[in-house]
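Student: after the sequence you'll find the predicted model.
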Amino acid sequence: MAGVSEITASRVMRDRGPIRAETRDKVLRAVAATGYVRNGLAGSLASARSNLVGVILPSHTNNVFPEVMAGIGQALSRSGYQPVVGVTDYDPATEEALVRSLLAWKPAAMILTGLEHTRETRRMLETASIRVAEIMDIDNRPIDLAIGFSHLEAGRASARHLLARGYRRIGYVGHDLDADLRAAARLKGLVDQLGEAGAPLERRHLTGGASSVQRGRSGLGALLAQHPDCDVVVFSNDDMAVGGVFHAMAEGMDVPGRLGLFGCNGLDIGQALPKPLSTLRANRQRIGEIAVERIVMDDGPETGPAIIDVGFEIVAGATA
């Protein structure tokens, strides 16, 4: 119907190779007229690869990951590939099952969160002969490509910032750090830096479960009931810190005069508070974009495991 060869029609449908605009338009008009839908399964059988990119995230409720997915989605929209997304709820066994399921569909590449996986997950990815990007963390050796920032150094930088502000009686409120290994790494960096400065982190409260605004609010109340002398509290992330702000407001507590509050992630909700939250942030959308650019759109040679550090910044805010 379009008056072109099968190869040309195939290139248009797969968005591959140089195609003149008028030729593309003829093929797409024929597609619309016939209601044709490309058989992706047949294509993957012929090429031993699909146009799918597996994306595995730890959470769909944590406000960090929609930004990461926005970067992945925008970059993939320019590439002709489609994402297939799975959510682990921070469970390594669930991640392993998702990796096994997605690899069965012969994806072109995989994007996972973090560098810690089960032995079987790592084995499957190492033998899959596809590009693999591990995002959000660079504190260990990647399978192929790691894109993110050092959470250990982020914790240290947070400590240095607060010490420079004159704080010495520092407290911590966190969620389930056995599941959220990046939050645990930030805490380790914080503890190490404070210990080296002679201000050990002795005032802590862990709430258990996933992070949330409510857990941050109740967690700060519990911490202050046990350690009322805190002059600043670091939270495992901004969700928790926003809850801390709400606790302080409910108690009529002067922030930062009576108590400083410091988060991590730089979420919009924290910056929209009457007093913008003091926090730490990285460009999460750019992390997602780089992952796609490097493992899907970059035709350059593979040179072994590599790390891309996007860095982070301290947001001074007005709460600490």
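Tutor: Received the coordinates, thanks.

Student: which one's the longest helix in the protein?
Tutor: When the chain is parsed with DSSP state H, its longest helix is helix 181-196.

Student: quick one: the helices in this protein?
Tutor: 6-14, 21-34, 40-47, 64-77, 92-103, 119-126, 151-164, 181-196, 213-226, 238-250, 268-271, 284-292.

Student: buried sites along the shortest one?
Tutor: Going back to what we said before, that points to helix 268-271. Residues of helix 268-271 classed as buried: Gly270 (neighbour count, 16 or more other C-beta atoms under 10 Å). Every residue, glycine included, has its C-beta placed from N, CA and C.

Student: in space, what's closest to Gly288 - neighbours in sequence excluded?
Tutor: In space, and not counting its chain neighbours, Gly288 is closest to Gly71: 2.7 Å by C-beta to C-beta, 6 or more residues apart in numbering.

Student: that neighbour: neighbour count?
Tutor: Gly71 sits with 21 neighbouring residues when counted by other C-beta atoms under 10 Å.

Student: from Asn283, how far out is it?
Tutor: Using C-beta to C-beta, to the nearest Å, Gly71 is found at 9 Å from Asn283.

Student: same check, this time on Arg165
Tutor: 25 Å.

Student: how about Val296?
Tutor: According to C-beta to C-beta, Val296 and Asn283 sit 19 Å apart.

Student: lowest-confidence helix or strand of the chain?
Tutor: Of all helical and strand segments in the chain, the minimum by mean pLDDT, DSSP states H and E falls on helix 40-47, at a mean of 57.

Student: could you give the mean pLDDT of stretch 62-79?
Tutor: Summarised as a single mean, pLDDT over stretch 62-79 is 92.

Student: now stretch 156-172
Tutor: Stretch 156-172 comes out at a mean pLDDT of 98.

Student: may I see the buried residues of that stretch?
Tutor: Within stretch 156-172, the residues scored as buried using 16+ other C-beta under 10 Å are 156-159, 161-163, 167, 170-172.

Student: and for stretch 308-316?
Tutor: 308, 310, 312, 314-315.
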